[in-house]
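Undergrad: Provided below for reference: sequence and predicted model.
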Amino acid sequence: MPTVFNFTFVPWFRSVAPYIHMHRGKTFVVGIAGEAIAAGKLQNLAQDLALIQSMGVKIVLVHGFRPQVNEQLAAKGHMPKYSHGIRITDSVALDCAQEAAGQLRYEIEAAFSQGLPNTPMAGSTVRVISGNFITARPVGIVDGVDFMHSGLVRKVDVDGIMRTLDMGAMVLLSPFGFSPTGEAFNLTMEEVATSVAAELQADKLIFVTEIPGIRIEPHAPASDDNPIDTELPLAAAKQLLAALPNPTEPTDIGFYLQHCVKACEEGVERSHILPFAVDGALLLEVYVHDGIGTMIVDEKLEELREATADDVGGILQLIEPFEKDGTLVKRDRTEIERDVDHYTIIDHDGVIFACAALYPYPEAKTAEMAALTVSPQSQGQGDGEKVLKRIEQRARAMGLKSIFVLTTRTMHWFIKRGFAQVDPDWLPEARKRKYNWDRKSQVLVKKL
């Protein structure tokens, strides 16, 4: 048994290491829905956040408290009231929100204070600091509805939060803000997390929510044929949001998506929607290549795009050295001109730094990714990953179930990114006829 464990643990740990290095020193804002705490997930979430922090990530944690406030209201014989997807906070609801927030802060601080032997928290010291970091203003009267003590974020104390994070502490924020006159306002977890992430220019905004993410076909039922879209470019997310009705419930597709889009528009490079129902969702999203929820990415459209006829010269210039040393199969200019619409490229200031082509085989529900190339000047900066992700998105949009590559030298790069080696006989018949048996390329497949 130990030998089997070693063979599984060692490659797994090595595959995680690049993400540990990548995220060290970065700032994550994590918004946890009150429903996750009500569902008993706090203990495991605290352990995972403590583990992420121990690997050098600065964490701002924002908790929600929707069900907890509703529970307090029910105990007082009051019904919760909402309009425009926002709670109407009268004086009773404000009292309930303050009681719920106080109780949750104690529970969260207690969860981070545990250090029992033989648990992930053993030997850890997580200092959690809360404070009046948010200045708020009233929502006011909207369409004739008086929101009373419901508020919006006016200002974030960026210096105060950064000083606290630099001390090695985790910052804990409740969805409350205070006006300059000392009046308390009930805010939403989603708005607080988004505003803080934008003001801090955080590296990630992560929502741990009731929903599993955004599906490839958002309106179709959940199924193996309609999986979670693990990466959604900002432009596609905005397009989807524009086609949806205004969200009012947390389970509406656009509810968390609207905040992810806003954060990316305001400078947060990546925002995520994760399911609290999956144990370890945070770790799976942050340290595993394909993640588990949906990540919205602010990819600059002028950098990552499909190629046009004007790009043929740049593609040839990029791949020529790799054809000469035998890494790539030689392609002549006529072939690239004919197939240019198959190519995805990364273009920095008119210079092409990466490319790949997608050749579909619809009858076999698969496609070949060919000529994946990254310029030596930008290797190690994630350009290959970006092109791979876009190729995967294009293949999914065609309704394909997998992509495959043929390679003689870069097998390990693909295996680390979810590809598995298969026998050349696996290839679609049309591709098998063109397979060069003398070159002995390895065939690797990734399910989408």
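TA: It's in. Just so it is clear, the model here is predicted, and its values are computed rather than measured.
Undergrad: what's near enough to touch the closest residue to K26 other than its chain neighbours?
TA: In this structure, K26 finds its nearest non-sequential neighbour in D203, 4.0 Å apart by C-beta to C-beta, 6 or more residues apart in numbering. C-beta: built from backbone N, CA, C; applies to glycine. Residues in contact with D203, defined by C-beta atoms under 8 Å, 6 or more residues apart in numbering, are 23, 26-28, 268-270.
Undergrad: Spatially, which two of those residues are the most separated?
TA: Greatest spatial distance among the contacts of D203 (C-beta to C-beta): H23 and V268, at 14.6 Å.
Undergrad: Which secondary structure elements does the longest strand seen in the chain sit against?
TA: Secondary structure of the chain per DSSP state E: the longest strand is strand 351-361. If contacts are counted by 3 or more C-beta pairs under 8 Å, 6 or more residues apart in numbering; DSSP states H and E, strand 351-361 sits against helix 312-324, strand 343-348, strand 366-374, helix 383-397.
Undergrad: Sheet-wise, list the partners of that strand with their directions.
TA: strand 343-348 (antiparallel), strand 366-374 (antiparallel) (DSSP bridges).
Undergrad: what's the least confident stretch among these?
TA: Mean pLDDT values for these show the minimum at strand 343-348, a mean of 90.
Undergrad: So which bits of that one are buried?
TA: Using 16 or more other C-beta atoms under 10 Å as the test for burial, strand 343-348 gives 343-347.
Undergrad: which one of these sits closest to N118?
TA: Among these, and counting by C-beta to C-beta, the member closest to N118 is I346, at 46.8 Å.
Undergrad: and the gap between that closest one and Q201?
TA: The span separating I346 from Q201 equals 23 Å under the rule C-beta to C-beta, to the nearest Å.
Undergrad: Please apply the same query to G25.
TA: Counting by C-beta to C-beta - G25 and Q201 are separated by 14 Å.
Undergrad: on that earlier part again, and the buried residues of strand 343-348, which is closest to I391?
TA: T344 (5.8 Å).
Undergrad: Excluding covalently adjacent residues, which one is nearest to that closest one?
TA: Counting by C-beta to C-beta, 6+ apart, R390 is the residue found nearest to T344 once chain neighbours are left out, at 4.8 Å.
Undergrad: Need the distance between the two termini of stretch 25-45.
TA: Length of stretch 25-45, first residue to last, C-alpha to C-alpha, to the nearest Å: 20 Å.
Undergrad: Which positions within that stretch qualify as buried?
TA: Buried, per 16+ other C-beta under 10 Å, within stretch 25-45: 27-38, 41-45.
Undergrad: cool, stretch 337-356 as well?
TA: 339-340, 342-347, 352-356.
Undergrad: what do you get for stretch 219-237?
TA: If you call a residue buried by 16+ other C-beta under 10 Å, then stretch 219-237 has these buried ones: 227-234, 236-237.
Undergrad: what do you get for stretch 392-406?
TA: 392-396, 400, 402-406.
Undergrad: Which member of these is positioned nearest Q98?
TA: When these are compared against Q98 (criterion: C-beta to C-beta), the nearest one is Q393, at 44.9 Å.
Undergrad: mind listing the helices for the stretch 151-300 of the chain?
TA: Listed in chain order, the helices of the stretch 151-300 of the chain (DSSP state H, counting those that start in this stretch) span residues 158-166, 189-200, 234-242, 253-265, 281-287.
Undergrad: As CSV, these with mean pLDDT and distance to K440 would be great.
TA: Written out in CSV, the entries for those read as follows (pLDDT from 0 to 100; distance: least, C-beta to C-beta, whole Å):
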stretch, mean pLDDT, distance to K440
helix 158-166, 97, 52
helix 189-200, 97, 49
helix 234-242, 92, 39
helix 253-265, 96, 44
helix 281-287, 94, 34
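Undergrad: Quick one: neighbours of the nearest residue to H84 once chain neighbours are set aside, just the number.
TA: Excluding the flanking residues, the one nearest H84 by C-beta to C-beta, 6+ apart is V142, at 6.2 Å. V142 has 12 neighbours, counted by other C-beta atoms under 10 Å.
Undergrad: Tell me if I'm right that V142 and S83 touch.
TA: Yes - between V142 and S83 there is a contact under C-beta atoms under 8 Å: 7.5 Å.
Undergrad: Give me the residue ranges of the stretch 101-250 of the chain where confidence is low.
TA: 116 (pLDDT under 70).
Undergrad: just the strands in it please.
TA: Remark: strands assigned in the stretch 101-250 of the chain by DSSP state E, counting those that start in this stretch are 128-129, 134-138, 141-142, 145-146, 151-156, 170-173, 176-178, 184-186, 204-209, 231-233.
Undergrad: Could you look over the ones you listed and pick the most buried one?
TA: strand 204-209 (a mean of 28; mean count of other C-beta atoms under 10 Å).
Undergrad: Can you give the contact residues for that one?
TA: Residues contacting strand 204-209 (C-beta under 8 Å, 6+ apart): 26-33, 35-36, 45, 190, 193-194, 197, 250, 256, 259-260, 263, 268-276, 281-282, 285-286.
Undergrad: same check, this time on stretch 290-304
TA: 212-214, 228-235, 237, 257, 260-261, 264-265, 267-275, 278, 281, 284-285, 344-348, 386-387, 390, 418.
Undergrad: And stretch 246-255, by the same measure?
TA: In contact with stretch 246-255 (C-beta under 8 Å, 6+ apart) are residues 33, 35, 66, 82, 84-85, 190, 209-211, 214, 218-219, 240-241, 244-245, 256-258.
Undergrad: same thing with stretch 216-234?
TA: By C-beta under 8 Å, 6+ apart, stretch 216-234 touches 212-215, 240, 244, 253, 261, 264-265, 290-299, 304, 389-390, 392-393, 396, 448.
Undergrad: can you rerun that using 7 Å?
TA: The contact list for stretch 216-234, computed with C-beta atoms under 7 Å, 6 or more residues apart in numbering, reads 212-215, 240, 253, 261, 264, 290-291, 293-299, 389, 396.
Undergrad: How far does it sit from its chain's centre?
TA: The chain centroid and the centroid of stretch 216-234 are separated by 14 Å under C-alpha atoms, centre = their mean, to the nearest Å.
Undergrad: Please apply the same query to stretch 87-94.
TA: The chain centroid and the centroid of stretch 87-94 are separated by 33 Å under C-alpha atoms, centre = their mean.
Undergrad: what comes up buried for that stretch?
TA: Neighbour-count burial for stretch 87-94 [16+ other C-beta under 10 Å]: 87-90, 93-94.
Undergrad: Which residue ranges make up each domain of the chain?
TA: 2-297, 304-447 (automatic domain parsing).
Undergrad: Could you single out the most deeply buried of those domains?
TA: Of the domains of the chain, domain 2-297 is the most buried (mean count of other C-beta under 10 Å), at a mean of 18.
Undergrad: Could you tell me how far that one lies from the centre of the chain?
TA: 12 Å.
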